[in-house]
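Enquirer: Quick one, structure for this:
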Amino acid sequence: MEPVRTIDGKAYPFGRKNVDTDVIIPAQWLKTISREGLGVGCFEALRQDPDNLFDDPAYKGAPILIAGDNFGCGSSREHAAWALLDMGIKAVIAPSYSDIFSGNAFKNGILAVVLPQEAVDRLLEVAKTDPIHIDLESQTVTTPFQDRFTFEIDPFRKHCLLNGLDEVGLTLARDAAIASYEDQARESLPFLAKGIAHAA
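Expert: Numbers count the residues shown, from 1 in each chain. Modelled structure (predicted):
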């Protein structure tokens, strides 16, 4: 997982409330177990409109999505986070999220920023013309117009995102401690080591 420190650039001024995971990535895309290529199916139904926001050249490559309340509700499909990431989204800003989506986003390195509706409304306006800056270290979202919004984030999630640590990375970071424990266990509980060796 890539570390997340700052995210700069254009933002999709989406703003729709109660967007469920089926809107983010329709069910027919769930047959794959690969994370690659899902960006094409991201918001597929909305992209049937030739004037849709997500294919507007003005927002091409935007790394930020500004959404409405209860973003990512519905099913628990992790494909929703995979699709957003494959589409190039590194952060979502919304007043609230489904708990499962928020967890899936975090596990896949997407920063889910929670801001009050008034701040989201302001950012929706700014995004139509100007870039937005997110700084995870200082937990701020700023604009070229001196807007500055602070957000809360779980310290553990912040640590993991800043250091690019997913569940595998967290385990590998404890490699020395795990090896030390296993060495001590072999010495103090040799019968366990023999049992494990015999079973293998």
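Enquirer: elements contacting the helix ranked longest in the chain?
Expert: Ranked by number of residues, the top helix in the chain under DSSP state H is helix 175-188. Using 3 or more Cβ pairs under 8 Å, 6 or more residues apart in numbering; DSSP states H and E as the contact test, the elements touching helix 175-188 are helix 190-199. Backbone N, C-alpha and C define where each C-beta goes, glycine included.
Enquirer: Show the pLDDT at the residue nearest the centre of the chain.
Expert: Nearest residue to the geometric centre of the chain (Cα atoms, centre = their mean): I110, 1.9 Å. For I110, the pLDDT comes out at 98.
Enquirer: From what I see, it and A91 are in contact.
Expert: Yes: the criterion here is Cβ atoms under 8 Å, and I110 meets it with A91 at 6.6 Å.
Enquirer: Quickly list what's touching both of those two.
Expert: Common contact partners of I110 and A91 (Cβ atoms under 8 Å, 6 or more residues apart in numbering): none.
Enquirer: which secondary structure element contains E118?
Expert: Assigned by DSSP states H and E, E118 falls within helix 117-127.
Enquirer: I'd like to know which elements that helix is packed against.
Expert: Counting by 3+ Cβ pairs under 8 Å, 6+ apart, helix 117-127 packs on strand 11-13, strand 64-66, strand 91-94, strand 148-150.
Enquirer: so what secondary structure elements neighbour the next helix or strand after that helix?
Expert: Per DSSP H and E, the first helix or strand lying C-terminal to helix 117-127 is strand 132-135. Where contact means 3+ Cβ pairs under 8 Å, 6+ apart, strand 132-135 is packed against strand 6-9, strand 64-66, strand 91-94, strand 140-142.
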